[in-house]
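Student: show me how the following folds:
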Amino acid sequence: MSNYDIGVVGCWYWGNYGSLLNGYATYSLLRSFNMNVLNIVTPYNGFEPHAKKFFDVAYPKNAISEVLPFERVKEFNDKCDMFLTGSDQIWNDSSRMPFVKYFHLDFANDDKRKISFSTSFGKNINAPEESRGKIISSLMQRYNAISVREDIGVRVCKDYYGVNATQIMEPVLDVDPSVWYELSEHSELPKEKEPYILAYILDPTPEKTHAIKYYSEKSGMKAINIVDGFSARHEINKNKLGLPNTLPNITSYDFLKYFINASYVISDSFHGTAFAIAFNKPFISIANMQRGLSRFETLLGKVGLVSRLVDDKKIPETERFLYHVDFRPVNEIITKERNRANEWLKNALNSSVTETVALPKNIVERLDKNRCMGCGACVSCCPTKALSLKPDEFGYYRSYIDKSKCVNCGLCMEKCAAFRSPHNLNAKTPLSYAFVCKDHDILMNSASGGAFPVLAKTALDRGGIVVGAAWDENNAFSVRHIFVSNKKDISKLQKSKYLQSYLGDTFSAIKKYVDSGRFVLFTGCPCQVAGLKKYLGKSYENLLLVDLLCAVCPSQAFFEKYIHEKFNNEIETFQFRAKSDTDKIWDAYTYKTVDKLGTTKLTRMVDDDYYKNPLLLTPSHCKVCKYQGTTRYGDITIGDCWGVQNYDPNIDVSHGVSAILINNEKGEEFIRNISKSDIGLMVEEPLSEIKKYNVCAFQENRNWPKNPNRDMFYESIVNNNYFDSIRRALKK
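Tutor: Residues are numbered from 1 along each chain as shown. I've put the predicted structure just below:
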């Protein structure tokens, strides 16, 4: 028979005060459920002196395990009925693999119940390396119940590891504050006689020192300072902080006592912030980027105190931060969240309660539909043809599944670039050129400087195939990717088409060509290029990827409504950004229509409601695009070279100029092989100037804020016509 009901792994033994008390909070909660608890010491770890003083009083001697090496930790299966992964940043992916496995309970037998309680991923929230991710995923799917501390942890669990998780508040707030008051009574330090500001600083900087001095002077209170509890860093951090009244390496009892009696708190510590809230102290929370911002944002967002979070590089100096905080609504929220956490843990410990942890292994059920880019990688890779691309209610192509055909192989998740980005070795700062095609007819039939048709011609000269977006022959106002092998068909792929293109199973067809040795040039939006890279899973010397400097790709359904309402079904073709020999300067403000009688018309579109409101038409996946930026996913990037005349007045812009970015050696080699007879102009220009006039295409972390006008347009367009929806959104 086991000696303990549960064994706990975590950071409860560290020298960091927050980790020590976080671990004690979890221990207290488990004891409140009458559990006999064993705190398991991580292999190869000792105890800080001040931590040892804490253990000697806080825990019974039999509550702390012996220190076993990794080779022997399985012996705890003989002592514990179940295991719990504690809180704090123990799922930080920067750890070495033996520790990663240990903190995911790899040593626990399959028949042992496994629980994660308010565990944190810390600051590392990027997709793990593939083999590492598979190991972690398999371990997490053995859990019976998983809760995480940060909101973003729920998404990480779902997207990267295929498990359900519940967000639970930080454990030091999940226990009644009386726990901390009782512990503080063990402090032997004398109580301060005068009011004081308490500064708890983990990572001292001149900005933080200055802020402490400022608020000390403004409040008329002295500042008492605590630095991190690790012995090896204590004197270093004390000297960096450079302030009087900095305490020695105190115990956790002293730490609590100083928080309880403080009049005001300044801290760059997550747990410092948590204890300021627990004890209802006015505070400034300094965002500690290097230790993980999401922890602060989740906690302060939950209790409505985000305004107390400040930038660590520019800490504001304002007396309003010294004002009293109304903690009544905060305490109500904490009580509610505390009860929820306790109930969750109680259920998780109950062997009769089953929580579904593992998520379905198909991309449709795992990926938020609004993040699907419609690239078709999943369609192309599905071995049972269970997946297809279909328009959603707004006309955007999304993945749909026939579950009767799905065999849960998970291949679609491996190949989805919206789910996990492909590996990218391209240059962080590409070479950039202004380009003009020499052939005037080709130039006039191009949206900008004719870069694409020259690239396409060069590819065909190598006996290759070009894949790009063309108007659909069966639907003149929709766009799809097609394959071109004759130079006379290159024109089908020219010109801008501001619509999402249908790809279907294009990627699988490309794979057949490149596997056979045929050269292929693929051009598309950055998300489509990333999708193809992810689908193929490796680089091909005979595949050239060309991505575009794009902003948004609206729905074909929106465009068709616009066309039918604007032109009353009287036109046969529509061409974005037409050019005329009479143009004095190249711009993007003319479109061309051909009606059913063959009459051609060029129209300036300054007042046109399709062109004037691009942000209203923005798809959900474009709002959060992660494939823009300076480091591109294509071998070559092409787009407009707007504003080139402002920094190079020698360039003739009257009929258009292209920007060409060379992102790697393959792209550079291809550009070198362009025939000189095709080049009218190719001049290296500063990338900073090209970026200046293509702002949307170079946003490194696109996360556009919620636009109420855009949402109103989307709500209306499903059941109403285009122009009425525009007017409603803009309240015209």
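
Student: can we go C-alpha only for contacts and neighbour counts from here?
Tutor: Fine.

Student: burial measure for Leu425, as a count.
Tutor: 11 (other CA atoms under 10 Å).

Student: residues contacting it?
Tutor: The contact partners of Leu425, taken as CA atoms under 8 Å, 6 or more residues apart in numbering, number zero.

Student: how close does it get to Lys666?
Tutor: Remark: distance between Leu425 and Lys666 (CA to CA, to the nearest Å) = 12 Å.

Student: what's the answer for Asp268, then?
Tutor: 46 Å.

Student: more neighbours: which of those two?
Tutor: Between Asp268 and Lys666, counting by other CA under 10 Å, Asp268 is the more crowded of the two (25 against 16).

Student: now do the nearest residue to the more buried one once chain neighbours are set aside, the pLDDT please.
Tutor: Counting by CA to CA, 6 or more residues apart in numbering, Asp268 lies nearest to Ile286, which is 4.4 Å off, once chain neighbours are set aside. On pLDDT, Ile286 comes in at 94.

Student: what is the neighbour count of Ile286?
Tutor: 24.

Student: thinking it is in contact with Asp312, fair?
Tutor: Yes. Counting by CA atoms under 8 Å, Asp312 is a contact partner of Ile286 at 5.5 Å.

Student: all helices of the stretch 151-300 of the chain, in order?
Tutor: Here the stretch 151-300 of the chain has its helices, by DSSP state H, counting those that start in this stretch, at 151-161, 171-174, 178-184, 206-219, 231-241, 252-261, 270-278, 293-303.

Student: likewise for the stretch 1-150 of the chain?
Tutor: With helices called from DSSP H, counting those that start in this stretch, the stretch 1-150 of the chain shows them at 17-32, 49-58, 97-103, 130-140.

Student: just say which of those is most tucked in.
Tutor: The highest average neighbour count among the helices of the stretch 1-150 of the chain, using mean count of other CA atoms under 10 Å, belongs to helix 17-32 at a mean of 21.

Student: got the contact list for that helix?
Tutor: Residues from elsewhere that reach helix 17-32, judged by CA under 8 Å, 6+ apart: 10-14, 36-37, 51, 86-88, 170-172, 174-175, 228-229, 252, 255, 271-272, 342.

Student: try stretch 181-191
Tutor: Applying CA under 8 Å, 6+ apart, the external contacts of stretch 181-191 come out as 58, 251-257, 260.

Student: report the buried members of those.
Tutor: Among the contacts of stretch 181-191, those classed as buried by 16 or more other CA atoms under 10 Å are 251-257, 260.

Student: need the residues you listed in JSON lines with pLDDT and distance to Gly220, can you?
Tutor: Below are the buried ones among the contacts of stretch 181-191 laid out as JSON lines (pLDDT from 0 to 100; distance: CA to CA, whole Å):
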{"residue": "Thr251", "pLDDT": "94", "distance to Gly220": "28"}
{"residue": "Ser252", "pLDDT": "95", "distance to Gly220": "27"}
{"residue": "Tyr253", "pLDDT": "96", "distance to Gly220": "27"}
{"residue": "Asp254", "pLDDT": "96", "distance to Gly220": "24"}
{"residue": "Phe255", "pLDDT": "97", "distance to Gly220": "23"}
{"residue": "Leu256", "pLDDT": "97", "distance to Gly220": "23"}
{"residue": "Lys257", "pLDDT": "97", "distance to Gly220": "21"}
{"residue": "Ile260", "pLDDT": "97", "distance to Gly220": "19"}
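
Student: what about the spatially most central residue of the chain, distance to Gly10?
Tutor: In the chain, the residue lying closest to the centroid (CA atoms, centre = their mean) is Asn126, at 7.4 Å. Using CA to CA, one obtains 22 Å as the distance from Asn126 to Gly10.

Student: could you do Met373 as well?
Tutor: 39 Å.

Student: which neighbouring elements make contact with the longest strand along the chain?
Tutor: For the chain, the strand with the greatest residue count under DSSP state E is strand 475-484. Counting contacts by 3 or more CA pairs under 8 Å, 6 or more residues apart in numbering; DSSP states H and E, strand 475-484 packs against strand 465-472, helix 556-567, strand 571-575.

Student: out of those, which is closest to Ile197?
Tutor: Closest approach to Ile197 among those (CA to CA): helix 556-567, 58.5 Å.

Student: got the buried residues for the closest one?
Tutor: Those would be 556-563, 566, for helix 556-567 by 16+ other CA under 10 Å.

Student: let me have these in JSON lines, adding pLDDT and distance to Pro360 as columns.
Tutor: Below are the buried residues of helix 556-567 laid out as JSON lines (pLDDT from 0 to 100; distance: CA to CA, whole Å):
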{"residue": "Gln556", "pLDDT": "94", "distance to Pro360": "31"}
{"residue": "Ala557", "pLDDT": "94", "distance to Pro360": "31"}
{"residue": "Phe558", "pLDDT": "94", "distance to Pro360": "33"}
{"residue": "Phe559", "pLDDT": "94", "distance to Pro360": "35"}
{"residue": "Glu560", "pLDDT": "94", "distance to Pro360": "36"}
{"residue": "Lys561", "pLDDT": "94", "distance to Pro360": "37"}
{"residue": "Tyr562", "pLDDT": "93", "distance to Pro360": "39"}
{"residue": "Ile563", "pLDDT": "93", "distance to Pro360": "41"}
{"residue": "Lys566", "pLDDT": "92", "distance to Pro360": "45"}
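
Student: farthest-apart pair in those, please.
Tutor: Greatest spatial distance among the buried residues of helix 556-567 (CA to CA): Gln556 and Lys566, at 15.1 Å.

Student: now the helices for the stretch 401-550 of the chain?
Tutor: 411-414, 440-444, 451-461, 506-515, 526-536.

Student: helices or strands next to the first one in the packing?
Tutor: By that I understand helix 411-414. So helix 411-414, by 3+ CA pairs under 8 Å, 6+ apart, packs with helix 377-381.

Student: try it again at 10 Å.
Tutor: Contacts defined by 3 or more CA pairs under 10 Å, 6 or more residues apart in numbering; DSSP states H and E place helix 411-414 against helix 363-366, helix 377-381, helix 526-536.

Student: equivalent analysis for the fourth one, please.
Tutor: Using 3+ CA pairs under 10 Å, 6+ apart as the contact criterion, the elements in contact with helix 506-515 are helix 377-381, strand 465-472, strand 475-484, strand 520-524, helix 526-536, strand 543-548.

Student: that one - what's its average pLDDT?
Tutor: Helix 506-515 shows an average pLDDT of 97 in the prediction.

Student: would you mark the buried spots in it?
Tutor: For helix 506-515, by 16+ other CA under 10 Å, it's 506-508, 510-511, 513-514.

Student: how much space between Asn362 and Asp402?
Tutor: To Asp402, Asn362 is 11 Å away according to CA to CA.

Student: higher neighbour count, those two?
Tutor: Neighbour totals were compared for Asn362 and Asp402, and Asn362 leads with 24 against 11 (other CA under 10 Å).

Student: so what pLDDT did the more buried one get?
Tutor: Here the pLDDT value assigned to Asn362 is 90.

Student: surely it touches Phe419?
Tutor: No. Using CA atoms under 10 Å, Asn362 makes no contact with Phe419, being 11.1 Å away.

Student: now do the shared contacts for these two.
Tutor: 412-413 (CA atoms under 10 Å, 6 or more residues apart in numbering).

Student: adding distance to Ala211, write the helices and strands packed on strand 475-484 out as JSON lines.
Tutor: As requested, the helices and strands packed on strand 475-484 are arranged in JSON lines below (distance: least, CA to CA, whole Å):
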{"stretch": "strand 465-472", "distance to Ala211": "56"}
{"stretch": "helix 556-567", "distance to Ala211": "53"}
{"stretch": "strand 571-575", "distance to Ala211": "59"}
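
Student: right, I'll call it a day here.
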